[in-house]
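Engineer: Okay, predicted coordinates and the sequence, questions at the end:
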Amino acid sequence: MDIALIAWGRRVKRGAAPPPLWLFSDPARMPDLLAVARALPPRLCGVVLRHDAAPDRAVLGAQLAALCRARHIALVVAGDARLAAALKAGVHLRGGRRGGVLPLPRHALVTASAHNPAQLRQAKKAGAHIAFISPVFPTASHPGARVLGSLGFRNLARRAGQTKPFALGGISGGSIRQLGKFCTGAGAIEALATAAARR
């Protein structure tokens, strides 16, 4: 099933556009982020660095940035524009909010999470290139959370405008097929980590 997600990513990839598959880092389920990132298919994937509470986040970020550059994997840093600038990475905006994010270098990749129409509007206003619309399906990250389902995802994706609508939450090689042409990419934790481990 995870290999099917990577195959889907290869089918939807478009030239120099942002990669269609994104690994969201999760320290609880991903104790060795570097090993997982090292196994991701080059030029097909990106990494959203979260690991917010890690005491060595800056060191981990520097190691991850070097690995991503060497392997042609995109990198954005969640909620920390200073670290993103130091790593020459993009920035991920939580809930679409720019908040206190510093001015970004020109052409820096900006991604955002969006759980509802208001957050999607914020993401678009902040200039996000990608909006991770979530949670689409039931997910271990937020057990019991209300999900959008394929119809809810499509309804939000239609409002994305120039921001690319990517799916997040319960994404796998099987579930991604339910989203059709409105889904231009996806984020995942276990599906990509598992798929990377199998390569």
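Structural biologist: Yep, that arrived. Numbers count the residues shown, from 1 in each chain.
Engineer: how about the strands in this protein?
Structural biologist: 21-24, 45-49, 74-78, 90-93, 110-114, 130-133, 164-168, 185-188 (DSSP state E).
Engineer: quick check: angle from the second one to strand 74-78?
Structural biologist: Angle, strand 45-49 to strand 74-78, by axes from the mean of the first three to the mean of the last three CA atoms, to 10 degrees: 20 degrees.
Engineer: counting contacts, what elements does strand 45-49 pack onto?
Structural biologist: Helices and strands touching strand 45-49, by 3 or more CB pairs under 8 Å, 6 or more residues apart in numbering; DSSP states H and E, are strand 21-24, helix 57-71, strand 74-78. The C-beta positions use only the backbone N, C-alpha and C, and glycine is treated the same way.
Engineer: Could I get the average pLDDT for that strand?
Structural biologist: Strand 45-49 shows a mean pLDDT of 98.
Engineer: of the strands of the chain, which approaches residue 36 most closely?
Structural biologist: Checking the strands of the chain against residue 36 by CB to CB gives strand 21-24 as the closest, at 6.7 Å.
Engineer: Mind listing the strands that closest one pairs with, and their directions?
Structural biologist: When pairing is defined by DSSP bridges, strand 21-24 lines up against strand 45-49 (parallel), strand 185-188 (parallel).
Engineer: Many thanks, I have nothing further to ask.
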